[in-house]
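*Asks:* Sequence first, predicted model second:
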Amino acid sequence: MKGMTLIVKKTTQLIAGIVFLYGIYIIVHGHLTPGGGFAGGVIVAGSFILLILAYGSDFMHLTREETGSTITENLGILLALMIALAGMITGIKVFFFNWLPHGTVGELVSAGVIPLYNIFVGMEVAASILTIFLALLIFKEEVTKW
Amino acid sequence: MNPLIPLFVAVPLAGAFLTMIFGKFVKNLNRYIGLIVLLFLAIISYYSIVTVSGTVSVYKVGGWEPINGIPIGIYMVMDSLTAILLCIINTIGLLAVFYSFTYISQYTSENYFYALFCLMVAGMNGVVLSGDLFNIYVFLEISAISSYALVAFGVEREQLEATFKYQVLGGLASLLILLGIGFIYWKAKTLNLADIKVALGSAPEKIHYLLVQMLLLSGFGLKAAIIPFHAWLPDAHSSAPSPISAMLSGVLIKAAGIYVILRLFFNMFIISEEVAILITTLGALSMAVGVFLAIGQWDIKRLLAYHSISQMGYVVMSVGVGMILVARNTKPEVASLAIAGGLFHLINHAAFKSLLFLNAGAIEYRIGTRNLQEMGGLSQFMPATSSTSFVASMAISGIPPFNGFFSKLIIIIAAIMAKFYLLALIAVIVSIITLASFMKFQRYAFYNKEVQKDEKSPKEVPFPMVASMVTLGILCLLLSLLVLPQVRDIVLKPAIDILMNSQMYISPILGM
Amino acid sequence: MVVYLLCFILFLVGLYGVVTRRNLVKIVISLSIMEFSVFLFLALIGYVHDGVVPIVDPANPDARYVDPLPQAMVLTAIVIGLATTAMLMSVIIRIYRKYKTLDIREIKNLRG
């Protein structure tokens, strides 16, 4: 896939980092403000998609990136599951138990394991939306190649 | 709280993600992960069915205790009916995974197959375990989406067409279910099955109640492929790879369709006679129409798929007869007999229909065709396939001493005792037509032609496939033991009690 | 009441599209319209007049909150809807590559 014009590339260069940071902000403040893992993850994936669309990429790169994002996706959700399972061996021994100290309401480091879930879910969602995008793009590349 | 309950969902999920991460780097790791996961699940489900025996164990996920007697948070509930379904899902799943060892190696990207398979099992286990309506919906979607992908696994023309049809109708079903859930939440302000029954009270608003029932019945009816909603089933079940057809036909339509209908209409709604009659009619209709559609088929898997509709009709009809009697509040022993027949046939159908699909897969694996007219004389080349498919055909058409005979007998006796003579007559006629249809299958596939043995003639399928088929064949015989009172009292009786008396389901959950 | 009625009309619009359209992509769009009408309905159920965002504020513990449960349900259902739509679109791309058409009348290998 070819990239776009210089103007688009330069603008993307300026914006993509900010979009990425905003996504991270939404993810880590998930337990305090509306938003969280899913919304933030979509924004983070958006920054990557912006870069790929503006700069273009060739077939080899895309497949390699898809492998990477698939692994990240599965790793994220596996870690979230591990945290949930860890609840079964600590505290009152229940699946999905919030086993970390809860802290005070309104602080960034509070609410026990919920920020951790948000981070891993954000990782999972970002990677999976990127994977969907890459898979559709690879489909398209395959068609134009033939 | 029983720590095994969340493991039914967590272990297959972990298996799926592990397969996707490491399966690419280590050869054959994916299939061993699948096998170990399903073996573990099968063992804990057998352990559960022995230990549960009539009790209802509730698992409060996250440790959220009820506040003022109102349940908050997610509840997972294990009772005898759930335990039966868990045994079916995980046993058939284990055998299907073992069968896939050689069968799936003819496709590429085995990783995705085993990962999606584990996801589907996780979804179905979740559906039967969850104690609230919205989680049923979520797990249903997990199993449905992975089954959409698995149906399209061959990515050929017909698989893609089948999966598109399946997805559009499946999506429609999910929306109807979600709409029904919304309507329930509007009035009841709760999603817990037991709490909904209490919140809606003994004299609910008639129109609202009927609307919700119709929405949920059509939604789950679409998932269970009861007759007016059956259009997707023959395509999807015949196009999928054979182990997946066995899972879809043998397990998914039961766990996602029939089980939920049973649970909702017996334990959540107050049983009303009109709805019970509607369910019985739908069951009788699918029983009769399914078999007539099946008789003209020449594609083995399509034939089997239509028979799935017909056999599920037996289950729905028999349970419906039980519902009518419960609603009329007469003859409780006949009602319990009818429900017992339905549940027994549900278990049996899982065994023989998965076996038949595995047989069809074995034939396709060796000859490369599913058309009955192009095969013949296979009995001398593939003795194991031939004999196991004979067992399954006899079981599905209701010939003693195989399991299908006993369950059909119970259903017919219950219908006669309840004075539904027409239903009993339909059941007998359908059984005879089923026998004729399977005679045709046996004759054209395994006998009919005298073929000389030479180098080019097909060989018996590899060991994993034979082992799965033989195990299921033995199960077809062993399940007849469920008719004995000693075995029935352990397995079927507690489940029937839970269905007949919803107070037994509600009070442990609400802690009354 | 009018809002609920509009919501229902949106549902019927989607259903009409699923039944009558012949292009695969348009069927998926109609399915999405139906999906969003259901989400809208769920979100409306949880609405409380003069309610505020359901985040606990220590300064004002007795505030009227909107019901957060339907919102959580809608969020989950949106994620599921995303997965279904992505799956459908990838199947459509595959179908287009095999059949070279998106017209549902020409995609009829399976009959009977």
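*Replies:* Good, I have the coordinates. Numbers count the residues shown, from 1 in each chain, chains lettered A, B, ... in the order given.

*Asks:* Next one, pLDDT for A:Gln13 please.
*Replies:* At A:Gln13, the pLDDT value in this model is 88.

*Asks:* And the one 5 residues further on, by the same measure?
*Replies:* Per-residue confidence at A:Ile18 stands at 93 (pLDDT).

*Asks:* secondary structure class for it?
*Replies:* helix (DSSP: H, G, I helix; E, B strand; the rest coil).

*Asks:* Can you tell me which residue sits nearest the middle of chain C?
*Replies:* C:Glu35 (1.8 Å; C-alpha atoms, centre = their mean).

*Asks:* Run a quick neighbour tally on the closest residue to it other than its chain neighbours.
*Replies:* Distances taken as C-beta to C-beta, 6 or more residues apart in numbering or on different chains place C:Gly81 nearest to C:Glu35, at 4.9 Å, with adjacent residues excluded. (Each C-beta comes from the backbone N, C-alpha and C, glycine too.) When neighbours are counted by other C-beta atoms under 10 Å in any protein chain shown, C:Gly81 registers 22.

*Asks:* How about the one 5 residues further on?
*Replies:* As a burial measure, the neighbour count of C:Ala86 was computed by other C-beta under 10 Å and equals 18.

*Asks:* got it, and B:Leu499?
*Replies:* B:Leu499 has 28 nearby residues by other C-beta under 10 Å.

*Asks:* From chain C, how far off is B:Trp186?
*Replies:* As judged by C-beta to the nearest C-beta, to the nearest Å, B:Trp186 and chain C stand 5 Å apart.

*Asks:* Isn't that residue up against C:Leu44?
*Replies:* No: using C-beta atoms under 8 Å, B:Trp186 is not in contact with C:Leu44; the gap is 9.3 Å.

*Asks:* What values do phi and psi take at the residue most central in space within chain A?
*Replies:* With distances taken as C-alpha atoms, centre = their mean, A:Ala126 lies nearest the centre of chain A, 2.4 Å away. The phi and psi values for A:Ala126, taken as degrees, to the nearest 10, are phi -60, psi -50.

*Asks:* pLDDT at it, what is it?
*Replies:* 91.

*Asks:* got the buried residues for the host helix or strand of B:Gly15?
*Replies:* B:Gly15 belongs to helix B:4-22 when assigned by DSSP states H and E. The neighbour-count check on helix B:4-22 (16 or more other C-beta atoms under 10 Å in any protein chain shown) flags B:5-21 as buried.

*Asks:* hmm, back to that, residue contacts, the residue nearest to the centre of chain C?
*Replies:* Shown in contact with C:Glu35 (C-beta atoms under 8 Å, 6 or more residues apart in numbering or on different chains): B:Gly171, B:Leu175, C:Gly14, C:Ala77, C:Gly81.

*Asks:* repeat for B:Pro464
*Replies:* B:Phe98, B:Tyr99, B:Phe101, B:Thr102.

*Asks:* One more pass at 10 Å, please.
*Replies:* B:Arg31, B:Leu35, B:Leu95, B:Val97, B:Phe98, B:Tyr99, B:Ser100, B:Phe101, B:Thr102, B:Tyr103 (C-beta atoms under 10 Å, 6 or more residues apart in numbering or on different chains).

*Asks:* possible to save the residues you listed as CSV with secondary structure?
*Replies:* Output for the contacts of B:Pro464, formatted as CSV (three-state DSSP):
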residue, secondary structure
B:Arg31, helix
B:Leu35, helix
B:Leu95, helix
B:Val97, helix
B:Phe98, helix
B:Tyr99, helix
B:Ser100, helix
B:Phe101, helix
B:Thr102, helix
B:Tyr103, helix
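
*Asks:* Now flag whichever of the residues you listed is closest to B:Val487.
*Replies:* The closest of the contacts of B:Pro464 to B:Val487 turns out to be B:Leu95 (C-beta to C-beta; 21.3 Å).

*Asks:* So what's the residue count around the closest one?
*Replies:* 27.

*Asks:* got the residues of chain C near chain A?
*Replies:* C:53-58, C:71, C:75-76, C:78-79, C:82-83, C:85-87, C:89-90, C:93-94, C:96-97 (C-beta under 10 Å from any C-beta of the partner chain).

*Asks:* Check the buried residues of helix B:4-22 one by one and keep those near chain A.
*Replies:* Okay, of the buried residues of helix B:4-22 touching chain A (C-beta under 10 Å from any C-beta), that's B:5-7, B:9-11, B:13-14, B:16-21.

*Asks:* What distance do you get for A:Gly46 to chain C?
*Replies:* Taken as C-beta to the nearest C-beta, the span from A:Gly46 to chain C is 14 Å.

*Asks:* same deal with A:Lys9?
*Replies:* For A:Lys9 relative to chain C (C-beta to the nearest C-beta), the value is 28 Å.

*Asks:* Least confident secondary structure element in chain C?
*Replies:* The weakest-scoring helix or strand in chain C, judged by mean pLDDT, DSSP states H and E, is helix C:68-99 (a mean of 88).

*Asks:* The one helix or strand A:Glu65 maps to vs helix B:4-22, what angle?
*Replies:* For A:Glu65, the host element (DSSP H and E) is helix A:59-86. Counting by axes from the mean of the first three to the mean of the last three C-alpha atoms, to 10 degrees, helix A:59-86 lies at 160 degrees to helix B:4-22.
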